[in-house]
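Novice: Here's my sequence, what's the structure:
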Amino acid sequence: MTTRVLPDFERRVHDALTAEQPSLRPLEDLITDGCAAALHLETELARLDRRREALLDRMGQDPGAAREALELSERGREDHDDLDRVRELLRELMHLRARTRLRQFLAQS
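Specialist: Numbering: from 1, shown residues only. Coordinates of the predicted model:
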């Protein structure tokens, strides 16, 4: 099971990053969504690793085990790429949140 939340998440991050004056609450919600997506991807990667390791024990007896292990490796690479992208977007959002907080603080002073 591979997550495909990235296109929607990327669009929402792009909208937040290009907004003239982003609001803090929607930014925090978006960061929370990104953290949830990252956690989901990390969980999926761990599950794929366990499944791949189980297949290694069967490689000599099961001709389909090698093919399945290869497919799992490819899915793992895709999920790892997605995880890297989510983390990159989260860094950008956290910087934007810090700037937004500073802007709000200075506006109150």
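
Novice: what packs against the biggest helix by length in the chain?
Specialist: Across the chain, the longest stretch assigned as helix under DSSP state H is helix 63-108. Here helix 63-108 touches helix 6-18, helix 24-56, going by 3 or more CB pairs under 8 Å, 6 or more residues apart in numbering; DSSP states H and E. From N, CA and C alone the C-beta is placed, and that goes for glycine too.

Novice: So which of these is nearest residue 98?
Specialist: For the helices and strands packed on helix 63-108, proximity to residue 98 was assessed by CB to CB; helix 24-56 is nearest, at 10.0 Å.

Novice: Report the rounded mean pLDDT for the closest one.
Specialist: Mean per-residue pLDDT for helix 24-56: 96.

Novice: if we can go back for a sec, may I see the helices and strands packed on helix 63-108 arranged in a markdown table, with distance to residue 89 and mean neighbour count as well?
Specialist: What follows is these, written out as a markdown table (distance: least, CB to CB, whole Å; neighbours: other CB atoms under 10 Å):
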| stretch | distance to residue 89 | mean neighbour count |
| --- | --- | --- |
| helix 6-18 | 5 | 14 |
| helix 24-56 | 6 | 15 |
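
Novice: TSV for those helices, including distance to residue 83?
Specialist: Below are the helices and strands packed on helix 63-108 laid out as TSV (distance: least, CB to CB, whole Å):
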stretch	distance to residue 83
helix 6-18	10
helix 24-56	4
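
Novice: so what's residue 42 closest to, chain neighbours aside?
Specialist: Spatially, and ignoring its direct neighbours in sequence, residue 42 is nearest to residue 83 (6.6 Å; CB to CB, 6 or more residues apart in numbering).

Novice: how many other residues sit next to that neighbour?
Specialist: The criterion is other CB atoms under 10 Å. On that basis, residue 83 has 20 neighbouring residues.
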